[in-house]
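Q: Structure for this input, please:
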Amino acid sequence: QVRLVESGGGLEQAGGSLRLSCAASGRTFSSGTMAWFRQAPGKEREFVTTITWSRSMTYYADSVKGRFTISRDNAKNTVYLQMNSLKPEDTAVYYCAARIGIEALGVNTRTWYDYWGQGTQVTVSS
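A: Reported below is the predicted structural model:
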């Protein structure tokens, strides 16, 4: 089992920045795919970005490309989401997800991921 815990959410003004963290614990793994999704009130959970664990290959949704950056620190078993130039439409609960043992880019299907965190709220004011 893998446990994912997100942190770093909060309230930020439009144009500002936030950095989210997703700490993985439990089963150790040397390969896999980590992702961030988000869910705004009344909307479906949507894909944001992925990173492969061993090679750090990344893929972004068009809505965040150029503003968000995903990275990982294998030694800390942690994935980060640096969010710059925030917009009110970025307001959502952000979830970390993981698929262990398989590395793939741009998989935006929620059911493909084995593990999920509890989410962290990001609110961007205009």
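
Q: And the spatially most central residue of the chain, which helix or strand is it part of?
A: Nearest residue to the geometric centre of the chain (CA atoms, centre = their mean): residue 36, 2.3 Å. For residue 36, the host element (DSSP states H and E) is strand 32-39.

Q: Show residues contacting that strand.
A: Applying CB atoms under 8 Å, 6 or more residues apart in numbering, the contact partners of strand 32-39 are 20, 22, 24, 45-53, 70, 72, 79, 81, 90, 92-105, 107, 110, 113, 119, 122. Glycine gets a C-beta too; all of them are placed from N, C-alpha and C.

Q: just to revisit the earlier point, quick one: the residue nearest to the centre of the chain from residue 45, how far?
A: Distance, residue 36 to residue 45, by CB to CB, to the nearest Å: 11 Å.

Q: any residues in contact with both of these two?
A: residue 95.

Q: Buried residues of stretch 102-114, list them for me.
A: Residues 103, 107, 113 are the ones in stretch 102-114 that count as buried (16 or more other CB atoms under 10 Å).
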